[in-house]
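>>> Fold the following and give me the result.
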Amino acid sequence: MTRALSLLSLSFVPFAVALTGCPAATSGDAGPGSGIDAFLPPGTDAPGLDVYVLPGSDVGRLPDTGICTPTIEICGDRTDQNCDGRDTSCGDTDRDGIEACRVGQAPPACDCDDANNQVYPSFMGLSGAPELCDGLDNNCNGRIDESAACCEGCASLGADRGRADVCDETGACDCSTEAGLGPCAAGQTCCTAGCTNTGTDIANCGLCGSACGVESDRCAPGPDGRGTCRCGMASPCADARTCRAGSCS
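Numbering: from 1, shown residues only. Modelled structure (predicted):
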């Protein structure tokens, strides 16, 4: 039987099979739902198949030799059991939209904890998970609870912790998007573009990133001091009209 025919035959085998000279799979080795197409001898090249050998001899990559003895790959454990140079991802196990890290990968290309949907890195222009002061690296940036809401260095800001976004590596409170070290001045908020007054900034009106649309031409503080979008002195224009020089048209 030619090698090509052997591979063709294997592709139609629904579960793990044993080849000549290789013992049959036993309970716990593989089976329905295991993702294993076939057990093949070490070194067998079979593109398109998930190729493994039976467990029992894997000693990992031997020190100072570079030799790896393959065995069944376990997905998502960041260990290369089958010696293909990477860990097979389990996919997006926690369903947070980002797949688990493989060997050689690091955030933001992958999820540093694919078992917790409160942990994921920044991805495709979206910010990573917010730090929850839970002892975890929620945003996969290599630091734990570094946000201003969590770190002791920002405690002196009290209710104004929005003046900063992180504590730096030394524990000092900082607005990381503003030049220099330290929190924003009183009355300002640390936003992506730096320190700003969210009571008057039309690009960050009321909240960081909350920009007024064409139906408004200014941001003005409301009774509670929080910025609201306005057209001149009035409410924003309705009916898809545009505000120009304080008037709707």
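>>> Low-confidence regions, the protein specifically.
The chain contains residues with pLDDT under 70 at 1-67, 76, 78, 88-89.
>>> Helices of the protein, start to end?
Counting by DSSP state H, the chain has these helices, from start to end: 3-10.
>>> Show me how it divides into domains.
1-88, 92-145, 147-196, 206-249 (automatic domain parsing).
>>> measure the second one end to end?
Between the opening and closing residues of domain 92-145 we find a distance of 24 Å, counting by C-alpha to C-alpha, to the nearest Å.
>>> Mean neighbour count added to the domains of the chain, as CSV?
Using the backbone N, CA and C atoms, a C-beta is placed for each residue, glycine as well. What follows is these, written out as CSV (neighbours: other C-beta atoms under 10 Å):
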stretch, mean neighbour count
domain 1-88, 14
domain 92-145, 17
domain 147-196, 17
domain 206-249, 15
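>>> next one: phi and psi at the residue lying closest to residue 95 once chain neighbours are set aside?
Once flanking residues are discounted, residue 95 sits nearest to residue 117: 6.3 Å by C-beta to C-beta, 6 or more residues apart in numbering. Main-chain torsions, residue 117, degrees, to the nearest 10: phi -80, psi 0.
>>> Relative to residue 169, how far out is residue 117?
Using C-beta to C-beta, to the nearest Å, one obtains 28 Å as the distance from residue 117 to residue 169.
>>> Then residue 188?
24 Å.
>>> Check residue 85 too.
Distance from residue 85 to residue 169, by C-beta to C-beta: 33 Å.
>>> same deal with residue 109?
23 Å.
>>> Please apply the same query to residue 243.
Where residue 169 is concerned, residue 243 sits at a distance of 45 Å (C-beta to C-beta).
>>> tell me the contacts of residue 154?
148, 161, 164, 167, 173, 183 (C-beta atoms under 8 Å, 6 or more residues apart in numbering).
>>> Pipe these into a markdown table and attach distance to residue 154 per row.
Formatted as a markdown table, those follow (distance: C-beta to C-beta, whole Å):
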| residue | distance to residue 154 |
| --- | --- |
| 148 | 4 |
| 161 | 5 |
| 164 | 5 |
| 167 | 6 |
| 173 | 4 |
| 183 | 7 |
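>>> wait, which of the residues you listed is closest to residue 124?
The shortest approach to residue 124 among the contacts of residue 154 belongs to residue 148, at 25.1 Å (C-beta to C-beta).
>>> Next, that closest one: phi, psi?
The phi and psi values for residue 148, taken as degrees, to the nearest 10, are phi -60, psi -30.
>>> isn't it right up against residue 168?
No - counting by C-beta atoms under 8 Å, residue 168 is not a contact partner of residue 148; they are 10.8 Å apart.
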